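Participant: requesting a structural model of the entry that follows:
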Amino acid sequence: MSSDNRTILLVEDDINDVLLIQRAFRKASLTLPQVVNNGQSALDYLMGAAEYGDRERHPLPVLILLDLKLPRLSGLEVLEWLRQQTPLRRLPVVVLTSSQENTDLQRAYDLGVNSYLLKPVGFESLLETVKALNIYWLTLNRQPDLD
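Facilitator: The predicted model follows:
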C-alpha cells in the first residue's frame, strides 16, 4: 500500500456520529474519512462499484472504521464478506460501535476484526481516540500491499 495513502473509510449510519467523528478528525488536523452509511454501500465502495468506481475520488482505504448496527448489511456481515475477498481481506478493520454485547465482540474477533472499540462518550475522549487511531494505524503499523 502506498505510504502516501491516508484514506480511512468510515462506515456509520448515524449522521450525528458521522459529524462528531469528522469534527474530531478536523480538530486533530487529519484528512477526513470517506463515509458510507450502510453495509451495502461499504461493499460497493470497497469493490469500486456503482458511484464508487472512480478510485481517484474514492481510493481504497488503509483503514476501515466499522459500526456494527447498520442498515442493509450489518457491520458483521461486511466484515465477514471482506475477510473472504482476496486481497481486500488484509485491510485493517477497527470496529467503532456502541454495542457492549459480548456476542458482538466475540463474533467480530471470530471474523477477523483487528480491533474493537466502544464509541467514546464525549468529544474530548473521541478526539483522543482519533489521535490514537492515527498514530497506531497510519504511522506505526506496517501493512502489506493489497496487490
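
Participant: please list the outside residues in contact with the helix ranked longest in the chain.
Facilitator: Longest helix in the chain by number of residues, with DSSP state H as the criterion: helix 15-27. For helix 15-27, the external contacting residues (C-beta atoms under 8 Å, 6 or more residues apart in numbering) are 10, 12, 31-33, 35, 37, 65, 67, 119, 123, 126-127, 129-130. C-beta here means a position set from N, CA and C on the backbone, and glycine is covered the same way.

Participant: and the contacts of the helix or strand following that helix?
Facilitator: Next in sequence after helix 15-27, counting helices and strands by DSSP states H and E, comes strand 34-36. Contact partners of strand 34-36, identified using C-beta under 8 Å, 6+ apart, comprise 7-12, 18, 22, 42, 44-45, 58, 61.

Participant: now list the buried members of the contacts of helix 15-27.
Facilitator: Using 16 or more other C-beta atoms under 10 Å as the burial test, those include 10, 12, 33, 35, 37, 65, 67, 119, 126-127, 129-130 as buried.

Participant: what two of these have the greatest distance between them?
Facilitator: 37 and 127 (22.4 Å; C-beta to C-beta).

Participant: so which of the contacts of strand 34-36 comes closest to residue 78?
Facilitator: Lowest distance from residue 78 to the contacts of strand 34-36 (C-beta to C-beta) belongs to residue 42, with 4.9 Å.
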